[in-house]
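Novice: The sequence isn't on hand, but the structure is:
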């Protein structure tokens, strides 16, 4: 039976949960997730969990925030004047906005506070600072 190792292209099904048990993502209704082990395209703790698995094997792993999306970084939240935003934008707490860096590369921010004068935008990943649990099944080593 084939065992997943660094450099292998693998396909997995997964379900990601928060500490509360709330599911934040799952491949259950989609094709399996395909990636190359060791390429660094996924969070480190997830890749490490797949190394050594055999086809058909299932496991549940807990991944601390440091091995997932890292800690929340307060400096990634920025307060901007409402006057700097487009006139037709009515920001709402929880709204996700795309910010242009000026080099054709954008990134997402979440509106966390809105006042008459300012809007606070948070560029932290939504799962930053959270410990995660993944149920993983190795479907295939390509």
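Specialist: Arrived safely. Only a predicted model underlies this, so the values are computations on that prediction, with no experimental measurement involved.
Novice: ok, the least confident helix or strand in the chain by mean pLDDT: who's next to it in the sheet?
Specialist: Lowest by mean pLDDT, DSSP states H and E among the helices and strands of the chain is strand 96-100, with a mean of 85. The pairing partners recorded for strand 96-100 under DSSP bridges are strand 106-114 (antiparallel).
Novice: Let me see the mean pLDDT of the next helix or strand after the partner strand.
Specialist: Per DSSP states H and E, strand 106-114 leads on to strand 118-122 as the next helix or strand towards the C-terminus. Regarding strand 118-122, the rounded mean pLDDT is 95.
Novice: what's strand 118-122 in contact with?
Specialist: 76-82, 85, 91, 97, 99, 109-114 (Cβ atoms under 8 Å, 6 or more residues apart in numbering). In short, each C-beta sits where N, CA and C put it, glycine included.
Novice: at 7 Å instead, please
Specialist: 76-82, 85, 91, 97, 109-113 (Cβ atoms under 7 Å, 6 or more residues apart in numbering).
Novice: now swap in stretch 70-87 and tell me
Specialist: Here stretch 70-87 has contacts from 65, 91, 112, 117-124, 128-129, using Cβ under 7 Å, 6+ apart.
Novice: Give me the residue ranges of this structure where confidence is low.
Specialist: In the predicted model, the chain carries pLDDT under 70 at residues 1, 101.
Novice: sorry, back to before: can you pick the most crowded of the contacts of stretch 70-87?
Specialist: residue 119 (23 neighbours; other Cβ atoms under 10 Å).
Novice: Excluding sequence neighbours, find me the nearest residue to that residue.
Specialist: Closest residue to residue 119 apart from its sequence neighbours, by Cβ to Cβ, 6 or more residues apart in numbering: residue 91 at 4.9 Å.
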